[in-house]
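1. sequence and computational prediction follow.
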Amino acid sequence: MPLDPGTVHRFAMLERAVKSFAKTGRFDESLKLIEEMLEIAPEDTGLSKLKVRVATEMVHQAIQAQKIGAATQIVGLVETKIPAAHLGQTEKELLAKAKEHLYSM
């Protein structure tokens, strides 16, 4: 069943806000929005895959900005809020690379 346009719009707006905060190094603010983003349509497999892609991108940005605590929290949120069964091989690899990058710090 496709997502309603309101849900899609809300997700897109949150994604833009998260990326904007991350660009300016405001990872504390982006964490709240990432958590909200991860709670949207938890039953939708396709959206779960997109959430992981966005979250892993944020993990890499946080690591580059030396915000290891924020990166660790993002990984924790993804692991608790998104069922592993929703992820494809690509998303599992992205998450594994993000964790490897994080734990190698």
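-> Sure, I can see it.
2. any idea of the pLDDT on the residue nearest in space to the middle of the chain?
-> The centre of the chain sits closest to A55, judged by C-alpha atoms, centre = their mean, with a distance of 2.0 Å. Listed pLDDT for A55 reads 96.
3. got the contact list for it?
-> Listed by C-beta atoms under 8 Å, 6 or more residues apart in numbering, the contact partners of A55 are 34, 38, 74-75, 77-78, 98. Heads up, the C-betas are built off the backbone N, CA and C, glycines and all.
4. hmm, try it at 7 Å
-> With contact set as C-beta atoms under 7 Å, 6 or more residues apart in numbering, A55 has these partners: 34, 74, 78.
5. now, those that are in strands?
-> Using DSSP state E, no member of these falls within strands.
6. among the residues you listed, who's most crowded?
-> Counting neighbours by other C-beta atoms under 10 Å, I74 comes out on top of these with 30 neighbours.
7. with that, I have no additional questions.
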